[in-house]
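Colleague: fold the stuff below for me.
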Amino acid sequence: MEIQLFVPSYRIDECLQEIRQCLEKGWTGLGYKTVEFEKAWTGYTGLPYAHFVNSATAGLHIAVDVLKKRFKWQDGDEIITTPITFVSTNHVILYENLKPVFADVDQYVCLDPEDVKRKITRKTRAVIFVGLGGNTGQYEKIVDICRQNKLALILDAAHMAGTRLHGRQVGAEADVAVFSFHAVKNLPTADGGMVCFAEGADDALARKLTWLGINKDTYSRTMGKGAYKWKYDVEEVGFKYHGNSVMAAIGLVQLKYLDHDNTYRRQLSDWYTQSLKDIEGVEIVPVYEGCESARHLYQILINNRDELLLALNEEGIYPGVHYLDNTEYSMYKYARGTCPRAAEISSKIISLPLHLRMGKKEVDLICRAIKKLMGTRWRLFLPAVKNLAERVAALAQCKDKSFRIEGKRVVLRALQSDDLQMTMGWRNQDSIRKAFIDSSVITREKHQNWWKQYQQRPNDFVFIIEGRKDSRPIGQLSLYDLNLEKRTAEFGRFMIGEADAGSKGYAQEAIDVLLSWAFNQFDLEYVYLRVRSDNAAAIRIYNKCGFTAVKTSDSITDMRLTKQQMKYFTQ
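Modeller: Numbers count the residues shown, from 1 in each chain. Prediction:
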């Protein structure tokens, strides 16, 4: 059974009945059902105006365009926005030759009010607030900041159809709110959006702009009286952004069930929370107190996000990522580094499957898979890189200073020259030195010579083990003679140099992390090692990691871990 991130649900017979009325009347475009849908939407939300457009992106563009005209903003003026959103939020700012200024996010993955205040300049004209996943976050504080600083407020409510804050539908506090009826949203059509201005003059201008600047739409002229009903004026350079009656017909039906559907989405979310709240390493994105979220998304934060996504895909589960930090995109790279929390969250966030065709059975299955993959042994067995050129390219990066392999509690980073004094000290500790096959004391000269040779050996890799929480170096481990053609490698030079770390299980996790990465990155057939036969503690750890003895003498034991054994030990 496969579980997709989004699967829309439609009341098919009712939708077809509404669409049939359009076809029988001979009116599928702007007007008729779009008028009915707009009236129904204002009745549902309590908002004074609503204009149905062909997408929420179109609605956001019209929102910025209208406010720029009303307040006489100049090209180059600034709008504060979030980097964690779909790109259309920020593209529409550029459409109007304005500048997106990115503010950081809070624990709700919505705009952080404190950073918004820091980002206000003399050129700031507005704030776009995105209610990510249906969450309001600290929206009330953003409303206050805008009022205090005389800034316009645009609510990107693409995920918020049905979201209520303290019992009221959101949107009335903003100059304009824009909702989405895209196929995967809580109120799905095929596509569409609703732009809801607070002022009647703005709504009237928007209606002209979405119909190419024409001052009378075709439906009004057709239904009107008089000899000159065909005549109209073109007062603005507008766009063809208006909605149509077929999409509005679907929307009318879906709106009747929106609260019911959102209640069920909150139930699915509660089931997720009950199962995930006690799993170590899983952080649930909270919903703001007083917010009755539409729950378009259920999101968690996790280290090794990409590995978990791939592993879940192997289980037939297909989560998503909402969203990549927009400053990672080429066109917004000017702001890279200005929102550190957003950058961190973007690397960890996962949206779990959430739709009306799911039940508790599917939620439980997903949570069991996450719990298994987030177990005490961090072993995510990833699809191997098959292409030799890709493996060679990956190999070239393994000695870079920035190279890291991340586990649940440990991080492996490439050995650097600054580490040599520390690793020599570890190696010469009596308890460690005597565990090596070569138990002689390592001199500084010998260590420096080894380092020079190591730098010339492109297929040898030594990694420093660090604790994830404090980045404290605690040990070392290595892969030698990594042969991409034979797909083999030797494991060695393993030691835990900090005594207190040995009892915390870091040793086994560090080996697990390195082996998972190596087997999958380089499509290895097996890894082998040599260990002193009297080193019972090391042999015990290696056995737990899946190694088996293939040859034993009084002094040396040769051990091997094959691809098949690796797969078994990841179950």
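Colleague: helices and strands around the helix or strand harbouring residue 248, which ones?
Modeller: According to DSSP states H and E, residue 248 maps onto helix 245-256. On a contact count with 3 or more CB pairs under 8 Å, 6 or more residues apart in numbering; DSSP states H and E, helix 245-256 meets helix 12-25, helix 33-45, strand 51-53. Glycine gets a C-beta too; all of them are placed from N, C-alpha and C.
Colleague: in TSV: the ones you listed, plus mean pLDDT, distance to residue 132 and mean neighbour count.
Modeller: TSV is the format used below for those (pLDDT from 0 to 100; distance: least, CB to CB, whole Å; neighbours: other CB atoms under 10 Å):
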stretch	mean pLDDT	distance to residue 132	mean neighbour count
helix 12-25	97	28	14
helix 33-45	97	19	20
strand 51-53	98	21	27
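Colleague: okay, these in a markdown table with distance to residue 134 next?
Modeller: As requested, the helices and strands packed on helix 245-256 are exported to a markdown table (distance: least, CB to CB, whole Å):
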| stretch | distance to residue 134 |
| --- | --- |
| helix 12-25 | 23 |
| helix 33-45 | 14 |
| strand 51-53 | 21 |
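Colleague: quick one on the thing from earlier: what's next to the helix holding residue 248, contact-wise?
Modeller: Outside helix 245-256, the residues that touch it by CB atoms under 8 Å, 6 or more residues apart in numbering are 10-11, 14-15, 18-19, 21-22, 27-34, 36-37, 40-41, 44, 52, 54, 181, 187-192.
Colleague: just checking, next helix/strand downstream of it?
Modeller: helix 258-276.
Colleague: direction included, what does the longest strand along the chain pair against?
Modeller: Counting residues, the longest strand found in the chain (DSSP state E) is strand 473-483. Strand pairing for strand 473-483, determined by DSSP bridges: strand 461-467 (antiparallel), strand 488-496 (antiparallel).
Colleague: flag the shaky bits of the stretch 401-550 of the chain, pLDDT-wise.
Modeller: By pLDDT under 70, the low-scoring segments of the stretch 401-550 of the chain are 500-504.
Colleague: show me where it has helices.
Modeller: Remark: helices assigned in the stretch 401-550 of the chain by DSSP state H, counting those that start in this stretch are 420-427, 430-433, 444-455, 499-502, 506-522, 536-544.
Colleague: quick one: closest of those helices to residue 141.
Modeller: Each of the helices of the stretch 401-550 of the chain has some distance to residue 141 by CB to CB; the shortest is helix 506-522, at 40.8 Å.
Colleague: buried residues of that closest one, list them for me.
Modeller: Across helix 506-522, burial judged by 16 or more other CB atoms under 10 Å covers 506-507, 509-522.
Colleague: closest one to residue 240 among the helices and strands packed on helix 245-256?
Modeller: That would be strand 51-53 among the helices and strands packed on helix 245-256, by CB to CB, at 10.1 Å.
Colleague: let me know the next secondary structure element after that closest one.
Modeller: Helices and strands here follow DSSP H and E; after strand 51-53, the next one along the chain is helix 56-71.
Colleague: which other helices and strands does that following helix contact?
Modeller: strand 51-53, helix 88-95, strand 124-130, strand 152-157, strand 176-180, strand 193-197, helix 200-209.
Colleague: just name the most buried of the strands paired with strand 473-483.
Modeller: Comparing the strands paired with strand 473-483 by mean neighbour count (mean count of other CB atoms under 10 Å), strand 461-467 ranks first with a mean of 22.
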